[in-house]
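*Asks:* Predicted structure and sequence below. I'll ask about it afterward.
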2 protein chains.
Amino acid sequence: MTGKRSPARRPTMKDIARRAGVSESAVSFALNGRPGVSEVTRDRVRRVAEQLGWRPSTAARALSGEGAATVGFVLARPADTLGVDSFFLQLVSGIQEVLAERHLGLLFQIAQNIADECAVYRRWWAEHRVDGVLVVDPRTDDPRPDLLDELGLPGVVIGGAPDARHPGLTTVWADDAGAMAAVVDELYALGHRRIVHIAGLAGLAHTERRIRTLRAEADRRGLTEVRSVTTDYSDAEGAAVTRRVLSGPTPPTALVYDNDVMAVAGVAAAAGLGFSVPADVSVVAWEDSALCRMVKPWLSALSRDTVEFGRTAARELTALLDGGPARTVQVPVPQLIGRESTGPARGD
Amino acid sequence: MTGKRSPARRPTMKDIARRAGVSESAVSFALNGRPGVSEVTRDRVRRVAEQLGWRPSTAARALSGEGAATVGFVLARPADTLGVDSFFLQLVSGIQEVLAERHLGLLFQIAQNIADECAVYRRWWAEHRVDGVLVVDPRTDDPRPDLLDELGLPGVVIGGAPDARHPGLTTVWADDAGAMAAVVDELYALGHRRIVHIAGLAGLAHTERRIRTLRAEADRRGLTEVRSVTTDYSDAEGAAVTRRVLSGPTPPTALVYDNDVMAVAGVAAAAGLGFSVPADVSVVAWEDSALCRMVKPWLSALSRDTVEFGRTAARELTALLDGGPARTVQVPVPQLIGRESTGPARGD
DNA sequence: GCCGCGCACTAATGCGCTTGAGTTCGATCA
DNA sequence: TGATCGAACTCAAGCGCATTAGTGCGCGGC
């Protein structure tokens, strides 16, 4: 009766051993499902453990070489850019779902840039904090795969193209090239000949891939007034670029935005300039979300199951942690959902 | 020359001790800034440690009673609800900033509901994973404070009202009541007498607080046609409720939405019904974001510095971890930013 | 000149768990 | 019947760090 309730004490394997009348090692064997104990003892130990509410201390586990039961996830984007974007929360949501099943923790960090991100990986590795990491926003010239190699840290690259130079890394990606080709197909069929692609961050692997594909598709059809402009993904730049390209002498008749946020901002900017969507200019958003159905006109968008994307990535990472081989897995190509923002090109 | 580069090995204190020609204990003393070594030895040890790129193993630290150098953050909302909401990423961004300075990790998890969230806390505690947690979305009848008490886990409640029954918890909150009063003031001054508050999740502490305040303010002015409707924060419900209340015999002339997403969806829904904003109905969004400036008309919104909110919460938690006392700290009241969506009530 | 004291440092222990090396004992086989 | 083996356990060491109890030594005080 101290008056103050003492904070509960964590039960340890020693407690279980005592209660079950066996040695600590037997408890360890029993609970980890390895041979060396009879089934009846195993059951007894399991029951006692459950009754005591025992959970292995990750600290102790990690210390005795079992890994930290944690994976890391770093987001390296300017703080103001990650405001409205729904992509990451969805992705993380899917990742979580898979990790939680296996009782793996997710260590999350926001960094300012790639260099900081690398420093975070180094620190996590040195501090014994994570068993593997999920890498997003791969770049065309990316230092992270090399670093992970050097540290021997298992990693899954999300959204990158397959990279033969890093056989240790698993890559999970969608074929952006195919999606871009489909978009161009659709717009071309609608009569659009002048298209501007308002892209995301220059240097990101998927940005560059989309840009290359767009150019290839344009060349294939002999279109000369097709181009890409890179941005920082923000609504502000999306709007600014939209105003700029629409103010030219021969404005495009179709705009393809690399995310939903810029598309929405772009539509508003276009409206401000007197362009109506889709009568004067068609708009496609690369990334579907509630946002696309919250504005009028509803935005045609490239849709994919981002949560499932996250699940896939997490599953691959757990496979890697289990000692499986690195792989390259492709998730379904985003599908173009035609809504109200795309229509026939206006005849000149 | 094995041909295969061996993954780098983590340097330990033993390595430092050897290189510096002292015992491990001396190294420990030196690096943790406690007495027992001379300044010159301390410097030498520090240099060697730096040179070797040594970082303390959190596993070992945690095991020897120093805590896990990690804080936990659980988000318990339905997966589809957390899509567009910018609040959390902003909040986490601020939290991160402070934690990173102290090299504290952030363990992040998404749960389905409060019960699951509690289970996560229990597991984290039993597994020795976190030193403290950040609790969001406090409810009117919330099991979490009791649980944290029981586990002796330091916690900071974000967004709750001060709670005298849990002296161990720090609370960081904004005075929603004051903000709501300001909103009503403003709308009243503009001539609005029929106001509907499209609130968030019923049961959340701040939802209830806003509802109570709205009622009190209405009573004070003798307004009878003022009410709140709770939702799940989604754009879908926001739109649905908007349509319902605007379809009634005497539709409200002002709508106050508990987040930006619903407000945007609501404006679109109102437009669909032939109501123009702000001519027919004024709209205020509780929570400002890029979203509010991405749609026309620009939304008047209650704005606050969410990133700073996160920073404050994290600072309080670190203070708690340092053994400081639990406190109740109030962050600035959200300010109403008048934009285009609020105007004089239409005379009947 | 000896005692005691403080300083700089070492030795040893423990945190909770895993694991390889024993130990015991009953069943099996030549 | 004694050697052999395997199943079921126990022992003890070790992971990397913090921490408590020493240990050796120079120095001031009497």
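*Replies:* That came through fine.
*Asks:* which parts of the stretch 51-200 of chain A sit against DNA strand C?
*Replies:* Taking C-beta under 7 Å from any atom of the strand as the contact definition, the stretch 51-200 of chain A meets DNA strand C at A:54, A:56-57, A:60-61, A:63-66. The C-beta positions use only the backbone N, C-alpha and C, and glycine is treated the same way.
*Asks:* tell me which of those is nearest to B:A20?
*Replies:* Closest approach between those and B:A20, by C-beta to C-beta: A:L63, at 23.3 Å.
*Asks:* what kind of secondary structure is that closest one in?
*Replies:* Here A:L63 is helix, with the state taken from DSSP: H, G, I helix; E, B strand; the rest coil.
*Asks:* That one: what's it in contact with?
*Replies:* A:128, B:57, B:59-60, B:63 (C-beta atoms under 8 Å, 6 or more residues apart in numbering or on different chains).
*Asks:* Leaving aside the residues adjacent along the chain, what's closest to it?
*Replies:* Closest residue to A:L63 apart from its sequence neighbours, by C-beta to C-beta, 6 or more residues apart in numbering or on different chains: B:A59 at 4.5 Å.
*Asks:* Surely that neighbour is in contact with A:H128?
*Replies:* Yes: at 4.8 Å, B:A59 counts as touching A:H128 under the criterion of C-beta atoms under 8 Å.
*Asks:* Can you pull the residues that touch both of these two?
*Replies:* Contacts common to B:A59 and A:H128, judged by C-beta under 8 Å, 6+ apart, are A:62-63, A:68.
*Asks:* Could you export those residues as JSON lines, including distance to DNA strand D and pLDDT?
*Replies:* Output for the shared contacts of B:A59 and A:H128, formatted as JSON lines (distance: C-beta to the nearest atom of the strand, whole Å; pLDDT from 0 to 100):
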{"residue": "A:A62", "distance to DNA strand D": "8", "pLDDT": "92"}
{"residue": "A:L63", "distance to DNA strand D": "4", "pLDDT": "91"}
{"residue": "A:A68", "distance to DNA strand D": "12", "pLDDT": "93"}
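*Asks:* Whichever residue of the stretch 101-250 of chain A sits closest to DNA strand C: what's it in contact with?
*Replies:* Minimum separation of the stretch 101-250 of chain A from DNA strand C (C-beta to the nearest atom of the strand) falls at A:H128, amounting to 11.9 Å. For A:H128, the contact set (C-beta under 8 Å, 6+ apart) comprises A:62-63, A:68, B:10, B:57-60.
*Asks:* Roughly how far does it sit from B:L291?
*Replies:* 41 Å (C-beta to C-beta, to the nearest Å).
*Asks:* bridging residues for A:R139?
*Replies:* A:L204 (DSSP bridges).
*Asks:* re earlier: the contacts of A:L63 in helices, which ones?
*Replies:* B:59-60 (DSSP state H).
*Asks:* follow-up on the earlier one: check what pLDDT the residue of the stretch 101-250 of chain A closest to DNA strand C gets.
*Replies:* A:H128 carries a pLDDT value of 90.
*Asks:* Check A:F87 too.
*Replies:* 84.
*Asks:* hang on, it packs against A:N259?
*Replies:* Yes: counting by C-beta under 8 Å, A:F87 touches A:N259, with 7.4 Å between them.
*Asks:* And the strands in the stretch 201-348 of chain A?
*Replies:* With strands called from DSSP state E, counting those that start in this stretch, the stretch 201-348 of chain A shows them at A:226-229, A:254-257, A:282-286, A:300-303, A:328-331, A:335-337.
*Asks:* Ignore what I typed, I meant the stretch 1-150 of chain A.
*Replies:* Going by DSSP E, counting those that start in this stretch, the stretch 1-150 of chain A shows strands at A:70-76, A:105-111, A:132-136.
*Asks:* how about the helices in the stretch 151-300 of chain A?
*Replies:* Using DSSP state H, counting those that start in this stretch, the helices of the stretch 151-300 of chain A run over A:176-189, A:205-221, A:235-246, A:260-272.
*Asks:* tell me the most buried of these?
*Replies:* Among those, ranked by average contacts under mean count of other C-beta atoms under 10 Å in any protein chain shown, first place goes to helix A:260-272 (a mean of 25).
*Asks:* Show me how far it is from its chain's centre.
*Replies:* 24 Å (C-alpha atoms, centre = their mean, to the nearest Å).
*Asks:* Could you do stretch A:215-227 as well?
*Replies:* With C-alpha atoms, centre = their mean, you get 30 Å for stretch A:215-227.
*Asks:* nearest to DNA strand C, of the contacts of A:L63?
*Replies:* Distances from DNA strand C to these, taken by C-beta to the nearest atom of the strand, are shortest for B:L63, at 3.8 Å.
*Asks:* pLDDT value on the spatially most central residue of chain A, please?
*Replies:* Most central in chain A under C-alpha atoms, centre = their mean is A:L91, positioned 4.9 Å from the mean C-alpha point. Confidence at A:L91, expressed as pLDDT, is 92.
*Asks:* What distance do you get for it to DNA strand D?
*Replies:* 33 Å (C-beta to the nearest atom of the strand, to the nearest Å).
*Asks:* so what's that residue closest to, chain neighbours aside?
*Replies:* Nearest non-adjacent residue to A:L91 (C-beta to C-beta, 6+ apart): A:G310, at 4.2 Å.
*Asks:* and A:V98, how many residues sit next to it?
*Replies:* Neighbour count of A:V98, defined by other C-beta atoms under 10 Å in any protein chain shown: 18.
*Asks:* Might one say that it is in contact with A:R315?
*Replies:* Yes: when contacts are counted by C-beta under 8 Å, A:V98 is listed as touching A:R315 (5.4 Å).
*Asks:* Flag every buried residue along stretch A:9-19.
*Replies:* Buried positions in stretch A:9-19, judged by neighbour count with 16 or more other C-beta atoms under 10 Å in any protein chain shown: A:10-13, A:15-17, A:19.
*Asks:* possible to save those residues as CSV with pLDDT and distance to DNA strand C?
*Replies:* Formatted as CSV, the buried residues of stretch A:9-19 follow (pLDDT from 0 to 100; distance: C-beta to the nearest atom of the strand, whole Å):
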residue, pLDDT, distance to DNA strand C
A:R10, 87, 6
A:P11, 92, 8
A:T12, 93, 3
A:M13, 94, 3
A:D15, 93, 8
A:I16, 94, 8
A:A17, 94, 9
A:R19, 92, 13
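*Asks:* Show me which of those is closest to A:D219.
*Replies:* Distances from A:D219 to the buried residues of stretch A:9-19, taken by C-beta to C-beta, are shortest for A:R10, at 65.1 Å.
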